[in-house]
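Student: 3D model of this:
(one chain, ligands or ions: 1)
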Amino acid sequence: MINKEKLPLLVLRDMVVFPGMIAPIFVGRTRSIQALLNAKIIDNDRQILLVLQKQPNQDSPNVQDLHSIGVVAKIIQTVRLQNNAKVLVEAIDRVKLDNIVSNETYLEAEYSVIPDKVVKDKGSSKILVSNVMELFIDYTKKHKKINPEIIDTIVAEIEKEPTNFSYITNVLSSHLISPLLIKQTLLEETNPQTRIETITDILTSGMAQLEIEQSLQQTLKKQIEKTQREYYLHEQMKAIQKELEVDKSDFSDIEKKINTLKLSKEAREKAENELKKLKLMNQMSGESSVIRNYLDILLAMPWGKFDKNKTNITTSREILDRDHFGLEKVKDRIIEYLAVLQRSKKIKGPILCLIGPPGVGKTSLVKSIAESIGRKYTKFALGGVRDESEIRGHRKTYLGSMPGKIISLIKKSKTSNPVMLLDEIDKMGSDFRGDPASALLEVLDPEQNSHFVDHYLDVEYDISDVMFIATANSYNLPRALLDRMEIINVSGYVEEEKLQIAKNHLMPKQFKMHSMKKNELSIDDAALLEIIRYYTKESGVRSLEREISSITRKALQKILSDKEIKNISVTSTNLEEYLGVKKYNFGLAEKEDQIGSTTGLAYTEVGGELLTIEALTFPGKGEIKTTGKLGEVMKESAQAAYSCFRSRASNFGLKYEDYKDLDIHLHVPAGAIPKDGPSAGCAIFTTIVSLMTKIPVKRTIAMTGEITLRGMVLPIGGLKEKLLAASRGGIKTVLIPKENVKDLKDIPPNIKDSLEILSIATIDEVLKFALTNPNFVVSS
Ligand SMILES: Nc1ncnc2c1ncn2[C@@H]1O[C@H](COP(=O)(O)OP(=O)(O)OP(=O)(O)O)[C@@H](O)[C@H]1O
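Tutor: Modelled structure (predicted):
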């Protein structure tokens, strides 16, 4: 039924109000405010019609611009603001508008209430409601636009009236998030069941849309994350590249070296691999500095660099003669060796080893050899080397590891064919860290050393062009090493030679070193001889050189501190002024012939020595006791000499009773110095015989020779050194084993001339020469 009484019409721009709902409305348009003001009071309520305009953006819609279905509502509250108002309305019924008219200030219309159709199939509608409710809850939760508390209230209210389908659909419709037109359709639908279905459809499609949106959002989020990640990585890469850019020059240096150096194939591959690793590394890391160091060393090696072989034996001889006095035999041997080199360019044979006491010129000979063949000189001091890695290096993985000395010295000499002096090869030790001698064997073996691998370099380096020359003070070398080497004996010098060396080599050398002019200082021969005799005690000339150096310094100081002094001459009279009191007595021979004291001759690492052997008797059990740090061999030699004496005692007119209760104490002075070897046998025997027979031993005689129990004299070593010591010590006569006579040809004539050298084959002969009363032996 149409309600002919008109009600003012409030046109809504963008909302649909459903029956039963309370809604706040902002009213701004004048016509709307006028409509509000003219709301009619019906049943004690101010009532008004509400309708949606078709186009939300129209400011003054005409009658045809409005939907025909709306609601009649009561105004609960009105709040007037300055130019507009806020009104709270409660929709009462769905209405159809008729006869809409516009009076002066607002629209008004007649209306007829449209009741909802009665739902017949309540069962299925109930199911539909529970479905739609579930959907609604899901949808609103997902949508997140509706406050969860409101959802709870709606759900609670609906649960209160589960069969009021009109109410339920209106509530759900008003909370749907959907376009206005759809809402208007819902308002216009009078069948609640149809409305439920429509709402279900709307929610389902809304859900699907939401899901799509959400997955789209996620993809978008992922996309953004991916882009951000890529951006970040990109930036990081830029930073790394920038970092690398800085070091690029470093790498290019290394690359250049790898490409230009004459590396072996293996070394090139290794260098390239290491460089590859290095490029991928953090340049600040410890490992990268290990690799850098390694590459530095590997690429600093003189790959393929050789000094040109200038071997010419004539010039070599000249240089050796220029630098060294005497040593003819040694020089001959060296020249022979160099002759092979001149022909074959590479010596595959054994390496040279110069053996002799200190200061005899071994080192300077090697320097001269290097100079004479135009090669660099380098020295590997082996004294005290105990660790194999000093020769062959440590693996580069160890912290602070380094290549071995051989490789380091080659690198330092900047050529692959230097002359390398292996100094003091006899002083090499060995311990748990490995035996350096066996590593050295590999170095010296011409078959192996072209493939020498240093632990640090870890690639083969050909050292077969290096000329190794060893020096040693003694023959105390591992057998295998001795076999690899050609020994050249460099023995000591006699006084005359020392004098010549001092005048022609040491003095000019020291003068040059101290910038002393030739005419400013002179040391006469007598003074030099005194230095040799009283200030030095050596086979070589090292101390002599030191003393000359000390004189030069003192003379220089005098010249510089006193302008009056223009030159200085050092003679035997003023020598003490420069060198202080005499350090040694010349000639160790006894002042008088002694009972129980004999002079023996020893050969030590520092050259020949006079050895006094003395003995005493005292009551005892007929035993012999030895002191003076004697080695096992020397002790046994004393035992043998004593047994030999006892077996022959009757020859010397002695009865068993004479010596059976006597102990002998045999001592060799300079008790702190270890002594060993069998060559003092003769001297010990002579001492015992002299002691027991009370016949003195001639003071001017010295002897050397091993004895057997049966009284034979056996040969000894180091003859030249021993004769030199005898001549230095003021000895007149030397007894040497008969078998050593053949060695005399190697002894310089001046030594032979300065001594009476007698050969002995038996101990009887020894006694005949050594005792002051030789007839005694013969008569007995
Ligand atoms: N025959 C010689 N002619 C000239 N100078 C010599 C001669 N012998 C030695 N010298 C000089 O004596 C000094 C010591 O020699 P050098 O250092 O070569 O001795 P060495 O035998 O190598 O000793 P070490 O075994 O202790 O190494 C050097 O200055 C050297 O030039």
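Student: would Asp59 count as being in a strand?
Tutor: No. Judged by DSSP: H, G, I helix; E, B strand; the rest coil, Asp59 forms no part of a strand; its state is coil.
Student: For it, the count of nearby residues, please.
Tutor: Residues lying near Asp59 (other C-beta atoms under 10 Å) number 9. C-beta here means a position set from N, CA and C on the backbone, and glycine is covered the same way.
Student: any idea how far Glu371 is from it?
Tutor: Asp59 is 115 Å from Glu371, where distance means C-beta to C-beta, to the nearest Å.
Student: Distance from the chain centre to stretch 544-562, please.
Tutor: 47 Å (C-alpha atoms, centre = their mean, to the nearest Å).
Student: Same question for it: list its buried residues.
Tutor: Judged by neighbour count (16 or more other C-beta atoms under 10 Å), stretch 544-562 contains these buried residues: 544-552, 554-556, 559.
Student: mean confidence score for that stretch?
Tutor: Averaged across stretch 544-562, the pLDDT comes to 89.
Student: likewise stretch 397-414?
Tutor: Stretch 397-414 shows a mean pLDDT of 85.
Student: Next: stretch 139-152.
Tutor: 77.
Student: Tell me how far it lies from the chain's centre.
Tutor: Computed by C-alpha atoms, centre = their mean, the separation of stretch 139-152 from the middle of its chain amounts to 68 Å.
Student: Would you mind pulling the contact partners of that stretch?
Tutor: For stretch 139-152, contacts defined as C-beta atoms under 8 Å, 6 or more residues apart in numbering pick out Ile137, His175, Ile177, Leu203, Gly206, Met207, Leu210, Gln214.
Student: Which strand or helix spans the closest residue to the fifth one other than its chain neighbours?
Tutor: Take Gly206 and drop its neighbours on the chain: the residue closest to it by C-beta to C-beta, 6 or more residues apart in numbering is Tyr139, 5.6 Å away. Counting by DSSP states H and E, the element that carries Tyr139 is helix 122-143.
Student: just the CA coordinates of that helix, formatted as PDB?
Tutor: Output in PDB follows, covering the C-alpha atoms of helix 122-143 (Å, rounded to 0.1, in the frame of the first residue of the first chain):
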ATOM      1  CA  LYS A 122      13.700 -23.000   6.300                       C
ATOM      2  CA  GLY A 123      15.900 -26.100   6.500                       C
ATOM      3  CA  SER A 124      17.900 -25.400   3.400                       C
ATOM      4  CA  SER A 125      18.000 -21.700   4.200                       C
ATOM      5  CA  LYS A 126      19.500 -22.600   7.600                       C
ATOM      6  CA  ILE A 127      22.200 -24.600   5.900                       C
ATOM      7  CA  LEU A 128      22.700 -21.700   3.500                       C
ATOM      8  CA  VAL A 129      23.000 -19.300   6.500                       C
ATOM      9  CA  SER A 130      25.500 -21.500   8.300                       C
ATOM     10  CA  ASN A 131      27.500 -21.700   5.100                       C
ATOM     11  CA  VAL A 132      27.300 -18.100   4.400                       C
ATOM     12  CA  MET A 133      28.300 -17.300   8.000                       C
ATOM     13  CA  GLU A 134      31.400 -19.500   7.700                       C
ATOM     14  CA  LEU A 135      32.300 -17.800   4.500                       C
ATOM     15  CA  PHE A 136      31.600 -14.400   6.000                       C
ATOM     16  CA  ILE A 137      33.900 -15.100   8.900                       C
ATOM     17  CA  ASP A 138      36.700 -16.400   6.700                       C
ATOM     18  CA  TYR A 139      36.200 -13.500   4.300                       C
ATOM     19  CA  THR A 140      36.300 -10.800   6.800                       C
ATOM     20  CA  LYS A 141      39.300 -12.300   8.600                       C
ATOM     21  CA  LYS A 142      41.200 -12.500   5.400                       C
ATOM     22  CA  HIS A 143      40.100  -9.100   4.300                       C
END
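Student: Would you check how far apart Phe26 and the ligand are?
Tutor: Distance of Phe26 to the ligand, computed by C-beta to the nearest ligand atom, to the nearest Å: 113 Å.
Student: is it true that that residue touches Leu88?
Tutor: No. At 11.0 Å, Phe26 does not count as touching Leu88 under the criterion of C-beta atoms under 8 Å.
Student: Please say which of those two ends up with more neighbours.
Tutor: Set Phe26 next to Leu88 and count neighbours by other C-beta under 10 Å: Leu88 wins out with 15 against 12.
Student: any idea how far the ligand is from the more buried one?
Tutor: Remark: distance between Leu88 and the ligand (C-beta to the nearest ligand atom) = 118 Å.
Student: and that residue, that's in a helix?
Tutor: No. Looking at Leu88 with three-state DSSP, it is strand, so not inside a helix.
Student: Going along the chain, name the helices of the stretch 151-300 of the chain.
Tutor: Listed in chain order, the helices found in the stretch 151-300 of the chain under DSSP state H, counting those that start in this stretch are 165-175, 180-188, 192-260, 265-279, 286-300.
Student: Residue numbers of the stretch 501-650 of the chain in contact with the ligand?
Tutor: Applying C-beta under 6 Å from any ligand atom, we find that the stretch 501-650 of the chain lies next to the ligand at Ile501, His505, Gly540, Val541, Arg542, Glu545.
Student: Could you rerun that using 5 Å?
Tutor: Residues of the stretch 501-650 of the chain lying close to the ligand by C-beta under 5 Å from any ligand atom are Ile501, His505, Val541, Arg542.
Student: How about this structure: which residue is closest to the ligand?
Tutor: Closest to the ligand within the chain is Gly361: 2.6 Å, counting by C-beta to the nearest ligand atom.
Student: mind checking pLDDT for the residue nearest to that residue when sequence neighbours are not counted?
Tutor: Nearest non-adjacent residue to Gly361, counting by C-beta to C-beta, 6+ apart: His324, 5.6 Å away. His324 carries a pLDDT value of 89.
Student: mind listing what His324 touches?
Tutor: Going by C-beta under 8 Å, 6+ apart, His324 touches Lys331, Gly361, Ser364, Leu365, Ser368, His505.
Student: So which of these belong to helices?
Tutor: Lys331, Ser364, Leu365, Ser368 (DSSP state H).
Student: Show me which of those residues are buried.
Tutor: Buried among the ones in helices among the contacts of His324 by 16+ other C-beta under 10 Å: Lys331, Leu365, Ser368.
Student: From those residues, pick the one nearest Val72.
Tutor: If you rank those by distance to Val72 using C-beta to C-beta, Ser368 comes first, at 132.1 Å.
Student: who touches that closest one in this structure?
Tutor: Shown in contact with Ser368 (C-beta under 8 Å, 6+ apart): Ile319, Leu320, Arg322, Asp323, His324.
Student: for Ile731, helix, strand, or coil?
Tutor: What three-state DSSP gives for Ile731 is coil.
Student: Turn the ones in helices among the contacts of His324 into TSV, columns for pLDDT and distance to the ligand.
Tutor: What follows is the ones in helices among the contacts of His324, written out as TSV (pLDDT from 0 to 100; distance: C-beta to the nearest ligand atom, whole Å):
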residue	pLDDT	distance to the ligand
Lys331	89	9
Ser364	90	4
Leu365	91	7
Ser368	90	9
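Student: Out of those residues, which two are the most distant from each other?
Tutor: Lys331 and Ser364 (12.3 Å).
Student: Tyr337 in helix, strand or coil?
Tutor: Tyr337 is classified as helix under three-state DSSP.
Student: thinking again about what came up before, format the helices of the stretch 151-300 of the chain as a markdown table; extra columns: mean neighbour count and distance to the ligand.
Tutor: Formatted as a markdown table, the helices of the stretch 151-300 of the chain follow (neighbours: other C-beta atoms under 10 Å; distance: least, C-beta to the nearest ligand atom, whole Å):
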| stretch | mean neighbour count | distance to the ligand |
| --- | --- | --- |
| helix 165-175 | 22 | 109 |
| helix 180-188 | 18 | 112 |
| helix 192-260 | 13 | 38 |
| helix 265-279 | 16 | 35 |
| helix 286-300 | 17 | 29 |
